[in-house]
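Participant: Sharing a model prediction with you, sequence too.
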Amino acid sequence: MNKKISIIIIITIAFTLLLSACATKPIVYYFSCNEQQPEIIDTYISQAFKNMGYDTEKDSMLQHHFIGVKKMKVTNTKKGVVGEGVVMMVKFHFDGTNSEITQYYFTELKGKRSYKAFNKEQLAQYGNDVKIFQEKMQFYCNPQFKGR
């Protein structure tokens with residue numbers, strides 16, 4: 001009896017690992033911001049997001065991590081109001097490593113968000129936002145930029 005249970009557990013774990021390995025993973029994009037002062041980025045990042053139609057949320061748990069949120073659709077359902085949109089998570093590194101951008105599609109119900117990697121259609125529709133953001137970061141991350 002114990003042997004059957006052990007085999008079932010092993011098969012379940014193997015199947016779960018296989019599914020997680022096959023799951024769509026978001027693309028991580030990189031850019032350099034090593035020569036800029038962190039205070040400049042903290043001050044002006046909201047403006048960069050705002051110019052692209054995103055609202056900015058500071059990730060309060062981590063320093064120099066920001067979340068840009070672009071709400072696309074709101075639908076009333078029996079469960080409540082469901083919001084859908086795009087999230088751009090940006091992690092700035094000033095220690096010599098590249099900064100990171102990761103995009104997700106999200107749904108929100110009753111204040112709780114569920115994030116998913118883009119499918120091909122969403123990537124084609126919203127993926128260009130990352131390129132635009134990277135171009136903006138060439139301006140903001142330039143060490144000659146000290147604010148306006």
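Facilitator: That came in fine, so what should we check first?
Participant: Pick out the residue nearest the middle of this structure.
Facilitator: Centroid check for the chain by Cα atoms, centre = their mean gives residue 89 as the closest residue, at 3.2 Å.
Participant: what's the nearest residue to that residue if we skip its chain neighbours?
Facilitator: Spatial nearest neighbour of residue 89, excluding adjacent residues (Cβ to Cβ, 6 or more residues apart in numbering): residue 102 at 4.8 Å. In this view, the C-beta of every residue, glycine as well, is placed from N, C-alpha and C.
Participant: ok, that neighbour touching residue 30?
Facilitator: No: counting by Cβ atoms under 8 Å, residue 102 sits too far from residue 30 to count as a contact (10.4 Å).
Participant: Compare neighbour counts for the two and give me the winner.
Facilitator: Using other Cβ atoms under 10 Å as the criterion, residue 102 and residue 30 rank with residue 102 on top: 17 against 11.
Participant: And the pLDDT at the more buried one?
Facilitator: As predicted, residue 102 sits at a pLDDT of 95.
Participant: For it, list the residues it contacts.
Facilitator: By Cβ atoms under 8 Å, 6 or more residues apart in numbering, the contact set of residue 102 is 26-29, 88-89.
Participant: State the distance from residue 45 to residue 52.
Facilitator: Distance of residue 45 to residue 52, given as Cβ to Cβ, to the nearest Å: 11 Å.
Participant: These two: who's more crowded?
Facilitator: residue 45 (20 against 13).
Participant: and the residue lying closest to the more buried one once chain neighbours are set aside, backbone torsions?
Facilitator: Excluding the flanking residues, the one nearest residue 45 by Cβ to Cβ, 6+ apart is residue 66, at 5.3 Å. Phi and psi for residue 66, reported as degrees, to the nearest 10, are phi -130, psi 150.
Participant: doesn't residue 43 make contact with residue 66?
Facilitator: No: Residue 66 lies out of contact with residue 43 (Cβ under 8 Å); the separation is 11.8 Å.
Participant: With neighbour numbers in mind, choose between the two.
Facilitator: Of the pair residue 66 and residue 43, residue 66 is the one with more neighbours under other Cβ under 10 Å, namely 21 against 12.
Participant: Which stretches in this protein count as strands?
Facilitator: 28-31, 55-58, 65-77, 80-91, 99-109, 112-116 (DSSP state E).
Participant: Sounds good, over and out.
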